[in-house]
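Asks: Need the 3D shape of this:
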Amino acid sequence: MSDPKIVASGKEQSRRSPAEPVDSSRGWAVLGWIGLAFIVVGGADFTLVWLPLGLGTREWEFATVTQSFNGLPILLLGVGLLVVASDRVGRRWWGLVGLGAALVLLVWILAGAALWASNVQLALETVPEELRVGVQKAVAKTAVQSVVYPVVLGYLAWRGWGGAKS
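Replies: Now for the predicted structure:
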């Protein structure tokens, strides 16, 4: 019995040599569109967390900033995909959208972190004992996010600026 063979269209499949370059622009374009979709969906989710506004209510401020920081990875991924794809496929407007989104998020995160930090002490002092560990974890997580996200967004803004200029 002979080994099974796969026949494709009656012709032998051509094999690409490892040294032959692969055109990846279509793949980067798909990732750019996915990034744009993540920005739209993540932006809608982010905005809805803040509505209706409850500024002046310290519990609302603490909870809202914490919750919106937890939803930022979708937006960050969208901005990252869009910025890198703009560089790879040469779509200047993608770089501009990524730059704009990164700058808006960067300013918001810094303002949100300041608002959140002004309420941390109250949250830790007023939480019932059985919920204290959960609040402490939320404080630790949001503190890490308030440092990491601005660094990432600063880098993406820089990359977006480069993509928008080219």
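Asks: Distance-wise, check Trp135 relative to Arg58.
Replies: Residue 135: Val, not Trp. Look at Val135 and Arg58: by CB to CB, to the nearest Å, they are 13 Å apart. For every residue, glycine as well, the C-beta is placed using N, CA and C.
Asks: ugh, typo on my part, it should be Trp94
Replies: From Trp94 to Arg58 the distance is 40 Å (CB to CB).
Asks: Give me the more crowded residue out of the two.
Replies: Trp94 (26 against 16; other CB atoms under 10 Å).
Asks: Show the subsequent helix or strand relative to the one helix or strand Gly95 maps to.
Replies: Applying DSSP states H and E as the criterion places Gly95 in helix 92-126. Following helix 92-126 in sequence order, the next helix or strand is helix 132-165 (DSSP H and E).
Asks: Now do that following helix: distance to the chain's middle.
Replies: Its chain's average C-alpha position is 9 Å from that of helix 132-165, according to CA atoms, centre = their mean, to the nearest Å.
Asks: avg pLDDT for it?
Replies: Averaging pLDDT along helix 132-165 yields 90.
Asks: Enumerate the positions of that helix that are buried.
Replies: Applying a neighbour-count criterion of 16 or more other CB atoms under 10 Å, one finds 135, 138-139, 142, 145-146, 149-150, 152-153, 156-157, 159-161, 163-164 buried in helix 132-165.
Asks: helices or strands up against that helix?
Replies: Judged by 3 or more CB pairs under 8 Å, 6 or more residues apart in numbering; DSSP states H and E, helix 132-165 is in contact with helix 58-70, helix 72-89, helix 92-126.
Asks: what's the angle from it to helix 58-70?
Replies: For helix 132-165 against helix 58-70, the angle by axes from the mean of the first three to the mean of the last three CA atoms, to 10 degrees is 50 degrees.
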